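# please find the sequence and the predicted model below.
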Amino acid sequence: TQLLEQSPQFLSIQEGENLTVYCNSSSVFSSLQWYRQEPGEGPVLLVTVVTGGEVKKLKRLTFQFGDARKDSSLHITAAQPGDTGLYLCAGRYNFNKFYFGSGTKLNVKP
Amino acid sequence: NAGVTQTPKFQVLKTGQSMTLQCAQDMNHEYMSWYRQDPGMGLRLIHYSVGAGITDQGEVPNGYNVSRSTTEDFPLRLLSAAPSQTSVYFCASSYSNQRGGSDTQYFGPGTRLTVL
């Protein structure tokens, strides 16, 4: 059983469309991270959210942490082919333990 | 800085063989972790270390051993490889701050292991 449930698992959209990826749990996390991973490489951190209700923006990417610190979302506006990749959420549960979601594989077609 | 390096990049083992996956970081990070990534499962924590001489178990520790004799190195040992250990293994490191370990983990490029 995954501590963090990520949805959708796969997403294939046209360039210019908007999308939202969700990361949900029944557990409370002290912080939550979003990573992007390219094939054959390790995950690279995009953002960390710490405070319940926090919203962070990174160009066309908007990240939100739920008020109860149990869930998060990643919204991409006007997706581009360069956004293609595997998006992973990770929750910091206890000291140095991080639990990852199963990932969302995004394909943006030109 | 090279960041986090892992060797080998690829490895094929036969069931029952043992081997060590190497991980090194040159950022003087206190925290280091080992994960495995399987299709549809995300990354799962195997073992982690909060400093030289200190290690602890993660989500899926069975079949793996670790030690941390220096700040830079954190090797992962497979004692008797099994097909269920076929996976991609990632090492990560992070620095410490006032809240303990940092939220920012730096990942290596991974080791793709196949056990026949």
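Nice, I can see it. Numbers count the residues shown, from 1 in each chain, chains lettered A, B, ... in the order given.

# just say helix, strand or coil for residue A:52.
At residue A:52 the chain is in coil, as set by DSSP: H, G, I helix; E, B strand; the rest coil.

# for it, give me the pLDDT.
We have a pLDDT of 90 for residue A:52.

# state the distance from it to chain B.
According to Cβ to the nearest Cβ, to the nearest Å, residue A:52 stands 15 Å off from chain B. Any C-beta I mention is one placed from the backbone N, CA and C, and that applies to glycine too.

# look up phi and psi at that residue.
When quoted as degrees, to the nearest 10, the phi and psi of residue A:52 stand at phi -50, psi 130.

# next: residue B:27.
Dihedral angles of residue B:27 (phi, psi; degrees, to the nearest 10) stand at phi -100, psi 10.

# which residues touch it?
The contact partners of residue B:27, taken as Cβ atoms under 8 Å, 6 or more residues apart in numbering or on different chains, are B:1, B:3, B:4, B:93, B:95, B:106.

# check residue A:26 too.
So residue A:26 contacts residue A:70 (Cβ under 8 Å, 6+ apart).

# which pLDDT value does the model give the nearest residue to residue B:53 once chain neighbours are set aside?
Nearest non-adjacent residue to residue B:53, counting by Cβ to Cβ, 6 or more residues apart in numbering or on different chains: residue B:68, 6.3 Å away. Predicted confidence (pLDDT) for residue B:68: 96.

# wait, isn't residue B:68 in contact with residue B:48?
No - in terms of Cβ atoms under 8 Å, residue B:68 does not count as a neighbour of residue B:48; the distance is 9.6 Å.

# more neighbours, those two?
Shown here are residue B:68 and residue B:48; by other Cβ atoms under 10 Å in any protein chain shown, residue B:48 has more neighbours (26 against 20).

# I'd say the more buried one and residue B:30 touch.
No - counting by Cβ under 8 Å, residue B:30 is not a contact partner of residue B:48; they are 11.0 Å apart.

# and the longest strand for chain A?
Secondary structure of chain A read by DSSP state E shows that its longest strand is strand A:85-94.

# next, the buried residues of that one.
Within strand A:85-94, the residues scored as buried using 16 or more other Cβ atoms under 10 Å in any protein chain shown are A:85, A:86, A:87, A:88, A:89, A:90, A:91, A:92, A:93.

# grab the nearest non-local neighbour of residue A:38.
Excluding its sequence neighbours, the residue lying closest to residue A:38 (Cβ to Cβ, 6+ apart) is residue A:85, at 5.5 Å.

# the one you found: what's it in contact with?
Residue A:85 makes contact with A:36, A:37, A:38, A:105, A:106 under the criterion Cβ under 8 Å, 6+ apart.

# the same query, at a cut-off of 7 Å, please.
Residues near residue A:85 by Cβ atoms under 7 Å, 6 or more residues apart in numbering or on different chains: A:36, A:37, A:38, A:106.

# before we move on, back to that, secondary structure element for the residue nearest to residue B:53?
In the assignment (DSSP states H and E), residue B:68 maps to no helix and no strand.

# just read off the phi/psi values of it.
phi -140, psi 90.

# so it touches residue B:50, yeah?
No - the pair residue B:68 and residue B:50 does not pass the contact test of Cβ atoms under 7 Å, sitting 8.9 Å apart.

# so what's the residue count around residue A:110?
Residues contacting residue A:110 under the criterion other Cβ under 10 Å number 7.

# what about the one residue in chain B that gets nearest to chain A, neighbour count?
Chain B approaches chain A most closely through residue B:107 (3.0 Å), counting by Cβ to the nearest Cβ. Look at residue B:107: counted by other Cβ under 10 Å, it has 22 neighbours.
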